[in-house]
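Participant: 3D, please:
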Amino acid sequence: MINTVLELAAEALFVSDLQPSECPDRQAVEDTVTAMLLRHGSDGCAAGVAEEFGDHPELAVRRMVWVRQELRNVMSAPLRPHYVG
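Facilitator: Numbers count the residues shown, from 1 in each chain. This is a model prediction of the structure:
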């Protein structure tokens, strides 16, 4: 199940406008993944990835490498507590 969740997150981050040059933190990545899944749904995100790999495979490969690295970083970063006050 974890692999499925990671695949969904990768597709969602891939189709987002978030760029490596932004050096996003964990919260930015999580918020972006959530926003893309809500906007496009899992099927829409997968379709966007497929389209990019069909149209621009050389760029899509580089983007997916970055996406996977970002998700590894997010998964290894400690959670910050959310305070309600």
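
Participant: low-scoring stretches of this protein, by residue?
Facilitator: Applying pLDDT under 70 to the chain flags the ranges 1-2, 78-85.

Participant: same for the top helix by length along the chain, what does it pack against?
Facilitator: The residue-count maximum for a helix in the chain (DSSP state H) belongs to helix 26-55. Where contact means 3 or more CB pairs under 8 Å, 6 or more residues apart in numbering; DSSP states H and E, helix 26-55 is packed against helix 2-15, helix 57-76. For glycine as for every other residue, the C-beta is placed from the backbone atoms N, C-alpha and C.

Participant: And it, what's buried?
Facilitator: The neighbour-count check on helix 26-55 (16 or more other CB atoms under 10 Å) flags 26, 29, 32-33, 36-37, 40, 45-46, 48-49, 52-53 as buried.

Participant: Stretch 11-23 now?
Facilitator: Within stretch 11-23, the residues that count as buried by 16+ other CB under 10 Å are E11, A12, L13, F14, V15, S16, L18.

Participant: so what's the second one up against?
Facilitator: What it means is A12. By CB atoms under 8 Å, 6 or more residues apart in numbering, A12 lies in contact with T32, V33, T34, M36, L37, H40, C45.

Participant: how close does the spatially closest residue to the fourth one that is not a sequence neighbour get to L37?
Facilitator: To tie it back to what came earlier, the one meant is M36. Of all residues not flanking M36 in the chain, A12 sits nearest, at 3.9 Å (CB to CB, 6 or more residues apart in numbering). Counting by CB to CB, to the nearest Å, the gap from A12 to L37 is 5 Å.

Participant: what do those two both touch?
Facilitator: Shared contacts of A12 and L37, defined by CB under 8 Å, 6+ apart, are found at C45.
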